[in-house]
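In: Could you work out the structure for the sequence below:
(one chain, ligands or ions: 1)
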Amino acid sequence: MLKVISVRNLDHYFGNGSLRKQVLFNINLEISAGEIVILTGPSGSGKTTLLNLVGGLRSPLVERSSSSQSASLRVLGQELYGASAERLVQARRRNGYIFQGHNLHGSLTALQNVKMGLELHQYIELAELETRAIQILEQVGLGNHLHYYPDQLSGGQKQRVAIARALVSHPQLVLADEPTASLDSQSGRDVVNLMQKLAHEKGSTILMVTHDHRILNIADRIVQMEDGRLMSPTPAVIS
Ligand SMILES: Nc1ncnc2c1ncn2[C@@H]1O[C@H](COP(=O)(O)OP(=O)(O)OP(=O)(O)O)[C@@H](O)[C@H]1O
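Out: Below is the predicted model of the structure:
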């Protein structure tokens, strides 16, 4: 099966000189098209760092030492290890992102926020842009809230707008960092069910970081991180 993400022998460090600290150790991970993978583990174990590297939000540190010569970070067919800043920006634009606390623009309505998720895709005409944004907001149950501003929406509704914005361009890869962290149990469940449904419909792959044990069963696979290392694979939890 086509690998959407293929990480080999990846290390990562923060800081310089005596403050230099290794946070990822020899990461090896493959994720196939259409898979929903949850990355979990204790605070500070390196989950967000790995997610950001995969998304091109952080630049992989290219080491000259012999142990890292075979490092590779291939995402959607592109090598990000050693890639230029420009290539990373391009790679970033192809993915959908859902973060903790939604990151919506407060001065834009739900519809305008979702349209922003399409505006980078210049091949889409304005009229179609509007139609697609409305359609996906209807799919996430916000057809009656198109012109609401974020502060007029509940936490769960805001996160549904964020999901609509991330998925409206039908990205092959969706990266989510603690998407349910600010939500109550039921809203969190609704939000991940929606992500799962839309991702399956659109054939997207999802890599999601979460501490939230209530949502682990949406995953096809759960990957555990500890102290910057990936632990052996765990079969998906059956609900
Ligand atoms: N920009 C940074 N500069 C220096 N150190 C950092 C930076 N970002 C993260 N770290 C350190 O890297 C390690 C891994 O952090 P990371 O945020 O990836 O962990 P995490 O598993 O996502 O944690 P959490 O679940 O708390 O979000 C931690 O020790 C953290 O302090």
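
In: Centroid-nearest residue for the chain?
Out: Leu175 (0.8 Å; CA atoms, centre = their mean).

In: Name the single longest helix found in this protein.
Out: helix 185-202 (DSSP state H).

In: helices or strands up against it?
Out: helix 155-167, strand 173-177, strand 205-209 (3 or more CB pairs under 8 Å, 6 or more residues apart in numbering; DSSP states H and E). (C-beta placed from N, C-alpha, C; glycine too.)

In: I would like the residues contacting the first one, please.
Out: When contacts are defined by CB atoms under 8 Å, 6 or more residues apart in numbering, helix 155-167 is touched by residues 96-99, 102-104, 110, 113-114, 116-117, 133, 136-137, 139-142, 145, 148, 150, 153, 174, 176, 179-180, 182-184, 187-188, 190-191, 194-195, 198-199, 202, 204.

In: Need the buried ones from these selected in PyMOL.
Out: The PyMOL command for the buried members of the contacts of helix 155-167 (criterion: 16 or more other CB atoms under 10 Å) is given here:
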select buried, resi 96+97+98+99+102+104+110+113+114+116+117+133+136+137+139+140+142+145+148+150+153+174+176+179+180+183+187+188+190+191+194+195+198+199+202+204
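
In: between the helices and strands packed on helix 185-202, which gets nearest to the ligand?
Out: strand 205-209 (6.2 Å; CB to the nearest ligand atom).

In: who does that closest one touch, helix- and strand-wise?
Out: Against strand 205-209 (3+ CB pairs under 8 Å, 6+ apart) you get strand 3-14, strand 21-32, strand 36-40, helix 47-55, strand 173-177, helix 185-202.

In: Please identify the residues of this protein in proximity to the ligand?
Out: 14-15, 23, 41, 43-49 (CB under 6 Å from any ligand atom).

In: need the helices and strands packed on helix 185-202 in CSV with distance to Ile124 and mean pLDDT, can you?
Out: CSV is the format used below for the helices and strands packed on helix 185-202 (distance: least, CB to CB, whole Å; pLDDT from 0 to 100):
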stretch, distance to Ile124, mean pLDDT
helix 155-167, 14, 89
strand 173-177, 19, 93
strand 205-209, 22, 95
